[in-house]
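1. Structure here, sequence nowhere to be found:
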């Protein structure tokens with residue numbers, strides 16, 4: 001990796017901000033990171049580690065720990081080294097090109113007893129991971145690293161562990177967790193594990209890492225290998241995805257881990273195969289309102305983009321198309337304060353209501369409520385009252401048709417609070 005030192009030469013005319021930002025594992029390009037441009041507008045310094053290549057900035061190349069004694073000490077922390085096995089351990093270290101993470105995983109694998117030192121070295125040689133030492137990762141990242149030498153080391157070591165189906169499922173779902181980590185008990189609950197035994201086994205093997213706050217996550221290289229090997233999809237991650245989605249339905253509850261939820265949702269969008277398109281769309285439409293509650297602009301833009309693409313491809317049904325227009329109206333009003341565009345999108349959403357009155361009266365109620373709110377925010381109380389009346393009618397209709405109580409109560413409260421806030 002490299003240490004990149006960036007100093008902005010742009011002076012803010014109102015306030016000069018002198019700050020240093022330290023970012024670990026900045027695995028993106030400057031052209032694709034919107035926050036990067038914001039930071040560069042101020043007089044500040046940025047110091048970060050990265051496997052990316054950045055031109056026109058000061059950088060220092062950092063090599064892997066190559067001192068054999070230090071690496072032997074690392075192995076000895078997990079696995080007992082003696083006169084009989086020290087030569088083989090040294091060969092294993094050389095086989096993985098002194099890559100510290102691969103050395104640690106090798107040591108943990110030996111400590112587990114799955115393979116002895118001779119067998120591990122033989123397997124590494126059989127799988128041809130002992131490549132020329134010059135063939136190291138030297139890539140320009142564009143969102144994903146190429147499968148270089150280090151990748152192959154990690155891939156081989158995970159494969160040699162012969163993980164059970166349950167362990168593979170844990171790793172598959174862990175791929176959605178950001179490097180900030182998640183509480184292991186919370187994660188176990190979301191994938192409906194009875195205990196933490198299997199998670200603890202993966203921690204012992206080094207496949208799952210722990211933060212200083214006792215949260216768990218995957219190293220970026222392990223995450224990359226896990227995504228490629230376990231192939232997460234909407235269907236094979238259904239339990240975890242459903243539990244993530246359901247928590248976003250509690251609009252009236254301020255969850256302390258809402259940022260974690262949003263990052264997980266974004267990773268699901270990025271990494272999963274969309275083999276159950278209806279469940280995928282359901283995730284998007286249920287997460288969006290909760291993101292709107294916290295004004296999470298980036299995530300909302302991602303969801304709008306995905307829904308627009310699926311609408312253009314003819315995948316979204318009438319209800320989903322109406323929701324897309326409703327969400328676009330919300331975005332315009334919240335972030336751009338553009339009443340005319342918000343009203344345009346909301347009225348177009350209302351045009352779909354004629355075909356949804358019996359099928360989805362609560363959605364119709366919600367759209368009319370939002371349309372009334374847009375009118376009310378612009379001071380048009382006559383039109384607002386008209387659509388709030390329609391909201392109430394379809395709310396009662398939803399109740400009459402046996403809608404779930406939680407949706408009925410949420411719809412009612414939403415309309416009441418909008419009225420109380422605006423009138």
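-> Happy to help now that I have it. What you see is a predicted model; the values in this text were computed from it and never measured.
2. Can you mark which positions in the helix or strand hosting residue 152 are buried?
-> Residue 152 belongs to helix 149-160 when assigned by DSSP states H and E. Within helix 149-160, the residues that count as buried by 16 or more other Cβ atoms under 10 Å are 149, 150, 151, 152, 153, 154, 155, 156, 157, 158, 160. All C-beta atoms are positioned from the backbone trio N, CA, C, and that covers glycine.
3. Which entry within the residues you listed corresponds to the minimum pLDDT?
-> Of all the buried residues of helix 149-160, residue 149 carries the smallest pLDDT score, 68.
4. Run through the neighbouring helices and strands of the helix or strand harbouring residue 103.
-> Per DSSP H and E, residue 103 falls inside helix 100-112. The contact analysis (3 or more Cβ pairs under 8 Å, 6 or more residues apart in numbering; DSSP states H and E) places helix 100-112 against helix 68-78, helix 86-95, helix 117-126, helix 149-160, helix 197-205.
5. Just to check, residue 232 is in contact with residue 173?
-> Yes - counting by Cβ atoms under 8 Å, residue 232 does reach residue 173; the two are 7.4 Å apart.
6. Could you say which helix or strand holds residue 301?
-> Element membership for residue 301, per DSSP H and E: helix 297-312.
7. Just the residues contacting that helix, thanks.
-> With contact meaning Cβ atoms under 8 Å, 6 or more residues apart in numbering, helix 297-312 is reached by 34, 262, 265-266, 269, 277, 281, 284-285, 287-288, 291-292, 316, 320-321, 323-324, 327-328, 331, 335.
8. do you know how far the closest residue to residue 22 other than its chain neighbours is from residue 206?
-> In space, and not counting its chain neighbours, residue 22 is closest to residue 47: 5.1 Å by Cβ to Cβ, 6 or more residues apart in numbering. Distance, residue 47 to residue 206, using Cβ to Cβ, to the nearest Å: 28 Å.
9. Between the two, which has more neighbouring residues?
-> residue 206 (22 against 16; other Cβ atoms under 10 Å).
10. ok, how many other residues are close to the residue nearest to that one when sequence neighbours are not counted?
-> The shortest distance from residue 206 to any non-neighbouring residue, by Cβ to Cβ, 6+ apart, is to residue 108 (4.1 Å). Residue 108 is flanked by 21 other residues according to other Cβ under 10 Å.
11. same question, the one 3 residues further on
-> Residue 111 has 16 neighbours, counted by other Cβ under 10 Å.
12. doesn't residue 78 make contact with it?
-> Yes - with contact defined as Cβ under 8 Å, residue 111 reaches residue 78; the gap is 4.7 Å.
13. if we can go back for a sec, in the helix holding residue 301, what's buried?
-> 299, 300, 302, 303, 304, 306, 307, 310.
14. Go ahead and confirm residue 108 touches residue 77.
-> No - if you go by Cβ under 8 Å, residue 108 and residue 77 don't touch, sitting 9.7 Å apart.
15. Model confidence at residue 345, what's the number?
-> pLDDT, read off for residue 345, is 87.
16. Okay, it and residue 339: tell me how far apart.
-> From residue 345 to residue 339 the distance is 11 Å (Cβ to Cβ).
17. Out of the two, name the residue with the larger neighbour count.
-> residue 345 (24 against 16).
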